[in-house]
Structure formats: structure tokens, C-alpha cells
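[1] Here is a sequence together with a model predicted from it:
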Amino acid sequence: MVNEYEIKKQICEIGKRIYDRGMVASNDGNISVKIADNVFLCTPTGVSKGFMTPEYICKVDGNGNVLEANKGFKPSSEIKMHMRVYKQRPDVMSVVHAHPVYATSFAIAGIPLTQPIMPEAVIALGCVPIAEYGTPSTEEIPDAVEKYLQHYDAVLLENHGALTFSDSLLSAYHKMESVEFYAELLYHAKMLGGPKELSKSQVERLYEIRRQFGMTGKHPADLCPNCKDGKSSCHSCGTCSTKSSSVDADLVAEITKKVMESLGK
Ligand code: 13P
């Protein structure tokens, strides 16, 4: 039996962490938790997620219809995005949406996080694709996100932010932290001349560790069609991520570097 009030308190605590870490500005971001079949708790629309108390939290059904909400509070305007994740992923118990600076910058630049640069990111996330742009609060974002839901637990939202989901609220939040840390490291490595990527065999060994640990959730290591065919999986294989912009971006960076070198700069 879930203690609803406890979960409301936990949502407020995670909202505060997201706000305090600068993963959202102003009233941005939203959080939801599944508490029973077709029953969910979610943050209200238009409030700072850093200053919520349990009375703010709304209760909705699987279509986002209000079951309970205190006066003055309405469910998040992005509730349809959350509900699409729960519908497609019965294993998911919590969804977190935020606008962390580095991850959102990659989403704005159109560069998915596909370069294997550090073990923790490879094990926890694999790659993080970008779902194509949609107008917030419409069905466009849920539609754009849907095709990635069976392969990933984290997705960047083009020109918008990031979405993570998992089997608990804490784990969904941790995935958001991991996405942002991965993006921040990748950004700085690019500034330093470009990351030295882990080799295919190093990536394979990390995927094997993930399998041995029996880690929950979806991850390209388990699902990449190449992996199933016994070929090297994901990380730049291009099969799971429909975007080729990371390759384009790297090519542009390489050409720019060569041009600058030839100019003696
Ligand atoms: P809500 O306050 O309606 O949840 O919206 C915040 C947000 O970040 C929209 O993308």
C-alpha cells in the first residue's frame, strides 16, 4: 500500500533538487509518479518546482484527467507527454522533465549524446537520442518521443530539454543527473579539442557489465538490432538514433580545426 503523502513529499524534494541544481529556471520542469493502475501524482502547472509543498501535488488518471487537485492547482501542461511514457512502458513508475543547461544545449544544437566517453554514462544510459521538436502541451512531443521509448530511458527534446523515466522517482531523477553530467563532460571535452572515445571493445565490456549487473530499464546494449545480430552495438552505429547530426557536427568540427590550422590560428 503506497503512502500517498510520503510520495507527494518525495516529489517536492526532487523538485527542489532539480531547481537547486539549476536544471530548470522559473516555473519550468515537471515530475510524475505512478501510484496504482491508472492513478498518478504529478506536479502542478506554472509553479516553481523548487518551492512546492505536498498540497501542490495533483492526482490524475491515465488520460491526464484530474482525480484530485487543491484549489488553484492544475496538472502540468505536459501531462500528455508523461502519460505516453507510462502507456508505452509498463515498467516505468516515474517520469522527470527538466531543462538542464548542457543537455538542453545539445538538444538545441541538434547533437544527440552518442559518443562513448566515460564508463558510467555508457553503462547507465548508452546513447541519448533527440526526439524531434514539438510544441509543448500538444500531442506533438508525445508523438515524437514515442519511437524512442522501447530503446532508451532518457531522451533529449529538440530545442526544449530532456526527459528521463525509470522504475522509481529517485532513479528517474538520477537519470536526469546522469544525462546532464554526460552532456557537460562531452561539451568540455569538445572545447578541449574533442573527446578521445572509448573503443568498441571497451564499450562492449561495459555493456557486458551492465548485463551482469542485471540493471533494469531499456538500454541500447540490450536492444540495438546490431547487438542482436552479434555486430557491435550502438554508440555511433546509427541504428538506434535516427539523427545523423552528431556525425555532421563532428565532421564540421574536424574541418573547422583543419582550416584554422592551415591559417596558422
Ligand atoms: P508545467 O509547469 O505546465 O509543468 O510546464 C513546465 C515546462 O517545463 C513545460 O515544458
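    Good, I have the coordinates.

[2] Which residues of the stretch 101-250 of the chain lie near the ligand?
    By the rule Cβ under 6 Å from any ligand atom, the part of the stretch 101-250 of the chain lying against the ligand is Pro136. (C-beta placed from N, C-alpha, C; glycine too.)

[3] Tell me where this protein has helices.
    4-20, 79-88, 101-109, 119-124, 140-146, 169-191, 200-213, 220-223, 225-228, 245-262 (DSSP state H).

[4] ok, the nearest residue to Ala144 once chain neighbours are set aside - how many residues close by?
    Nearest residue to Ala144, sequence neighbours excluded (Cβ to Cβ, 6 or more residues apart in numbering): Ala131, at 4.1 Å. Neighbours of Ala131 under the rule other Cβ atoms under 10 Å: 27.

[5] Mind pulling the model confidence for Ala131?
    pLDDT, Ala131: 97.

[6] Can you name the residues that contact it?
    Neighbour list for Ala131: Ile141, Ala144, Val145, Lys147, Tyr148, Val155, Leu156, Leu157, Glu158, Leu163 [criterion: Cβ atoms under 8 Å, 6 or more residues apart in numbering].

[7] What's opposite it in the beta bridge?
    Taking DSSP bridges as the rule, Ala131 bridges to Leu157.

[8] and it, how far is that from Ile7?
    From Ala131 across to Ile7, the span is 27 Å (Cβ to Cβ, to the nearest Å).

[9] what does Val101 give?
    28 Å.

[10] So for the two, which residue has more residues nearby?
    A count of neighbours by other Cβ under 10 Å puts Ile7 above the other of Val101 and Ile7, at 18 against 14.

[11] Next, the contact list for the more buried one, please.
    So Ile7 contacts Val33, Ile35, Leu41, Leu169 (Cβ under 8 Å, 6+ apart).
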